[in-house]
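In: Let's see this in three dimensions:
(one chain, ligands or ions: 1)
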Amino acid sequence: METYQFPGSAALFKRAAKVIPCGVYGHFSPAPCVPADAYPFFASRANGSRFWDVDGNEFIDYMCAYGPMILGYGNPVVDEAFRAQMNQADSCSLASPKMVELAEYLVNLIPIANWAFFAKNGADITNFAVMIARAATGRKKIIAIRGGYHGTSPWMQAPGHHGVTEEDQENIVRVPWNDIAALEAVFDRHPGDVAGFISTPYHHPVFADNEMPAEGYWQKVQALLRKHGAVFIIDDVRCGFRLHMGGSCEYFGFKPDLICFCKAIANGYPISALVGVEALKNTAAKVFHTGSYWFSAGPMAAALACLKELKRLDAPEILRAIGRKLNEGMVAIAKSHGYDLKVTGDPGMAYYRITDDPTLMLHQQWCAECTRRGAFFTSHHNWFVSTAHSDKDIQQTWDICDDAFKAIKS
Ligand SMILES: Cc1ncc(COP(=O)(O)O)c(C=O)c1O
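Out: Below you'll find the model as predicted:
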């Protein structure tokens with residue numbers, strides 16, 4: 001099988017490193033993609049389940065822009081809704097009727113939601129959710145899961161990160177995932193001072209197996225938070241509309257007070273949403289939160305079209321079916337070469353790890369060999385599938401996986 005070269009990406013990265021800190025920063029940084037020479041850094045075009053890098057190499061994309069792409073790149077229904085709105089108005093001096101339409105749609109779609117609020121990024125709304133929890137309770141402490149991620153604001157970053165002070169972290173109390181006793185202990189240690197609890201619906205850290213909630217975990221968490229009057233925030237930024245159209249809490253059977261959505265809500269157009277229960281609506285109205293582009297109507301029209309399309313297709317079921325098929329085949333191919341490929345998390349956005357080497361080096365090597373052959377895999381982050389991933393894509397991916405296993409063996 002032919003393997004790709006990336007001279008165009010390397011040349012652009014050299015230029016980027018001169019004028020942009022890190023060259024390419026944040027979650028698109030090539031740093032965790034090891035070995036770096038097996039990865040493209042810049043894409044020139046994308047369509048359906050695929051993108052093309054600046055060297056013209058074609059990839060079946062299993063990162064889906066790290067989650068936003070859910071219906072395939074360039075989905076005609078979403079793009080047409082966006083274009084039609086752009087012909088009317090986007091950023092303007094007044095709010096758009098699309099904002100009201102989108103809020104009404106979300107309130108109807110999401111059982112716990114009585115209101116919706118829009119911003120741009122995931123961090124905008126996880127911040128807002130935490131501010132609402134503090135404003136509603138008059139308390140300071142926020143409980144978060146160790147290894148959980150809610151964006152780049154200083155309170156959300158892991159302790160010890162550059163530019164983050166001890167004071168930024170002072171009121172964040174971290175507990176292990178799936179540990180009710182640890183959660184209870186926080187309420188004992190900080191009586192009357194816990195404003196809220198923020199968590200993803202299941203645990204999807206980087207560089208580690210993903211973990212589902214234990215039987216009864218969410219119901220116990222919900223009861224504990226209600227007992228102590230703390231606000232229950234679900235960060236559905238990554239899982240939202242991939243597990244269940246009503247929010248991932250519906251999939252797991254519990255009722256949070258606030259849900260944060262972003263990524264897949266508009267198939268890549270920039271918009272995030274916070275939805276919440278009636279009891280927090282007045283507090284949400286009092287907390288000041290806004291941004292230069294938060295009223296742009298194009299992404300709101302795209303979100304409406306995307307959500308309707310996801311619902312029409314029953315996208316969560318399609319994604320799980322595609323994921324299951326892909327995963328079963330890959331595990332069998334790994335086994336045929338004598339390797340154990342462990343798959344954790346939801347099938348449509350699973351985390352993969354070859355367990356035969358606990359250092360992850362073998363897994364990194366295999367992901368790199370697959371990427372060199374046209375299946376874009378990272379080794380540190382969960383992957384994503386979209387409704388545009390076809391049987392042909394899956395078969396081609398299996399062929400690539402097979403060849404990559406041969407390569408790492410030799
Ligand atoms: C669970 C979760 N929460 C919050 C965020 C932050 O979103 P953003 O990068 O749009 O601020 C992310 C981003 O990856 C995420 O996965």
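
In: Excluding sequence neighbours, find me the nearest residue to A136.
Out: Distances taken as C-beta to C-beta, 6 or more residues apart in numbering place T283 nearest to A136, at 4.3 Å, with adjacent residues excluded. From N, CA and C alone the C-beta is placed, and that goes for glycine too.

In: list the helices and strands the host helix or strand of that neighbour packs on?
Out: For T283, the element it lies in under DSSP states H and E is helix 281-286. Counting contacts by 3 or more C-beta pairs under 8 Å, 6 or more residues apart in numbering; DSSP states H and E, helix 281-286 is packed against strand 115-119, helix 122-137.

In: if you average pLDDT over stretch 157-164, what comes out?
Out: The average pLDDT within stretch 157-164 is 88.

In: oh sorry, the question was meant for stretch 269-282
Out: The average of the pLDDT scores along stretch 269-282 is 98.

In: Let me know the distance separating the residue nearest the centre of the chain from the ligand.
Out: In the chain, the centroid-proximal residue (C-alpha atoms, centre = their mean) is R238; its distance is 2.3 Å. Distance, R238 to the ligand, by C-beta to the nearest ligand atom, to the nearest Å: 4 Å.

In: On the pLDDT front, check the residue nearest to that residue when sequence neighbours are not counted for me.
Out: Once flanking residues are discounted, R238 sits nearest to G67: 5.4 Å by C-beta to C-beta, 6+ apart. For G67, the model assigns a pLDDT of 98.

In: what number of residues lie near G67?
Out: By other C-beta atoms under 10 Å, 23 other residues sit near G67.

In: how close does it get to the ligand?
Out: According to C-beta to the nearest ligand atom, G67 and the ligand sit 7 Å apart.

In: so where do the strands sit in this structure?
Out: Per DSSP state E, the chain carries strands over the ranges 43-47, 50-53, 58-61, 115-119, 141-145, 172-175, 194-199, 231-235, 258-261, 272-276, 341-344, 351-354, 375-376.

In: related to what we said a few turns ago, my understanding was that the residue nearest to the centre of the chain contacts M349; is that so?
Out: Yes: assessed by C-beta atoms under 8 Å, R238 is found in contact with M349 at 7.3 Å.

In: Quick check: neighbours shared by those two?
Out: 67, 204, 382 (C-beta atoms under 8 Å, 6 or more residues apart in numbering).

In: re the thing from before, just the local confidence number for the residue nearest to the centre of the chain, please.
Out: Per-residue confidence (pLDDT) for R238: 98.

In: How is this protein partitioned into domains?
Out: With automatic domain parsing as the criterion, the domains of the chain are listed as 7-61+315-409, 76-313.

In: Put together TSV for those, with distance to M1 on each row.
Out: As requested, the domains of the chain are exported to TSV (distance: least, C-beta to C-beta, whole Å):
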stretch	distance to M1
domain 7-61+315-409	4
domain 76-313	28
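
In: Whichever residue of the chain sits closest to the ligand - how many residues pack around it?
Out: Going by C-beta to the nearest ligand atom, the ligand is nearest to G122 of the chain, at 2.2 Å. If you count neighbours by other C-beta under 10 Å, G122 ends up with 24.

In: and it, what does it touch?
Out: G122 makes contact with 150-151, 235, 237, 260, 262-263, 272, according to C-beta under 8 Å, 6+ apart.

In: where does this protein dip in pLDDT?
Out: Filtered on pLDDT under 70, the chain yields no residues whatsoever.

In: got the residues of it near the ligand?
Out: Proximity of the chain to the ligand, by C-beta under 6 Å from any ligand atom, involves residues 121-123, 126, 149-151, 200, 235, 237-238, 262.

In: For the nearest residue to K255 once chain neighbours are set aside, which residues are in contact?
Out: For K255, ignoring the flanking residues on the chain, the nearest one in space by C-beta to C-beta, 6+ apart is I112 at 5.4 Å. Applying C-beta under 8 Å, 6+ apart, one finds that I112 lies in contact with 247, 249, 255-257, 259, 275-277.
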